[in-house]
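Build the 3D model from these lines:
(one chain, ligands or ions: 1)
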Amino acid sequence: MVEPGRMNAGPDYADLHRHLGGAVHPKVLHGFLVKGGPDLGLSSVERETIRSLLERFPTYAALKSHFAGRKHTLEDYLELHKLVEPLQTPATMAYFLYRIIRGARVFESTSLLELRFSPYLRTCPALDSSARMAAMEDVVESIAAGARVPDYAVDVRFVLCLHTALRDDVNSATLDLALRRRDLIRGIDVAGPEKPFGQRLDFFLSLFKRAADSYLPATAHIGETSPEHIHPEFFPYLRRIGHGVQIPLHRPDLLPEMHRRGICFELCPSTYLHTGTFVNLAPVRECTRLLEAEGIDYCFCTDNPAFNGRYLQGEHELALENDLIKFRGLARCQRNAFAHAF
Ligand SMILES: [Zn+2]
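This is a model prediction of the structure:
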């Protein structure tokens, strides 16, 4: 008899948690910088960004090692996004997306890719805040247009990130945009440093309630680095949870509710090593054991493959190597990723 694991571990994968800022392979990014140089920039801000990046990382090796180095905290790790976001403008998105999608198909056998991003952080920083908010829709449209790459047949779906470091009005406008452009946007997330999230729970809850009232799917970065960042009041509004690894480890009493609500965990093992959350993957092994015992779905995702130096197949290999799953579990994770896509 053919075992189900063997039947299902075919070359077809979905990645549900990948940030646009951490999706561009450093080789592609460096190639982009050196090919055009600062003249590539359309605005003085873009030209300055390119010039300073080239000065700081004159070689590919320098850029790669800066990205790949393990950071001490999630906050340090998130700083990497700030290097990349100013380059991801409407004018350049097609260049980057073509290469993201090509890589997903050729190297990751991925046919469904959810990309998440904060549109505000891809508007021109030289504009004032209201002009930047007004420019967010152009950003979304250009990203959606850039992702139409029929050559590689990857179903690319977009999730807008609310952001804990952005003001309330920017986050409200981001949700408005997601609700207005349901033709392009499949769901919302909240990303960024975890502490400020805890200080503005009521505000973010109001946005998640509004999304749920309109049946807009939601996930959220919750319970990633420490148990103090577990916020069960969000569970009624979530279809998935970004990371959540602290929940099985410190609040297993919450798992039955998560099971009842059908919330799927997006686990990104490499990230927990690169942010200094865990020194090894033993806690994630415990996490998958507890999720399985409770019958909760989870899948492995890449989060920021360019920073972690590991793409989707690498995450699966890491999970197998460290006994987070058995081979049959890999097929289950594959199915979960497709089943819980937005
Ligand atoms: Zn993430």
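
Next, the buried residues of the host helix or strand of residue 84.
Assigned by DSSP states H and E, residue 84 belongs to helix 74-84. By 16 or more other C-beta atoms under 10 Å, the buried positions in helix 74-84 come out as 74, 77-78, 80-81, 83-84. The way it works is simple: take the backbone N, C-alpha and C, and place the C-beta from them, glycine included.

contacting residues around it?
For helix 74-84, the external contacting residues (C-beta atoms under 8 Å, 6 or more residues apart in numbering) are 19, 21-22, 24, 29, 53, 67, 71, 121, 192-194, 224-225, 271, 274-277, 304, 306-307.

Filter those down to the buried ones, ChimeraX style.
For anyone working in ChimeraX, the buried entries among the contacts of helix 74-84, judged by 16+ other C-beta under 10 Å, can be selected with:
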select :19,21,22,24,29,53,67,71,121,192,193,194,224,225,271,274,275,277,304,306,307
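
In helices only, show me the contacts of helix 74-84.
Among the contacts of helix 74-84, the ones falling in helices (DSSP state H) are 29, 53, 67, 194, 271, 274, 306-307.

Show me the two of these that sit farthest apart.
53 and 194 (27.6 Å; C-beta to C-beta).

Turn the ones in helices among the contacts of helix 74-84 into JSON lines, columns for pLDDT.
Shown next, in JSON lines, are the ones in helices among the contacts of helix 74-84 (pLDDT from 0 to 100):
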{"residue": "29", "pLDDT": "90"}
{"residue": "53", "pLDDT": "88"}
{"residue": "67", "pLDDT": "86"}
{"residue": "194", "pLDDT": "92"}
{"residue": "271", "pLDDT": "95"}
{"residue": "274", "pLDDT": "92"}
{"residue": "306", "pLDDT": "92"}
{"residue": "307", "pLDDT": "91"}
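
I'd like to know which of those is nearest to residue 94.
residue 29 (15.0 Å).

Distance to residue 35 added to the buried residues of helix 74-84, as JSON lines?
Listed next are these as JSON lines, based on distance: C-beta to C-beta, whole Å:
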{"residue": "74", "distance to residue 35": "32"}
{"residue": "77", "distance to residue 35": "28"}
{"residue": "78", "distance to residue 35": "28"}
{"residue": "80", "distance to residue 35": "22"}
{"residue": "81", "distance to residue 35": "22"}
{"residue": "83", "distance to residue 35": "18"}
{"residue": "84", "distance to residue 35": "16"}
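
Check those residues against residue 291 and report the nearest one.
residue 74 (21.6 Å).

Could you measure from the closest one over to residue 17?
Distance, residue 74 to residue 17, by C-beta to C-beta, to the nearest Å: 15 Å.

Nice, that's everything, thank you.
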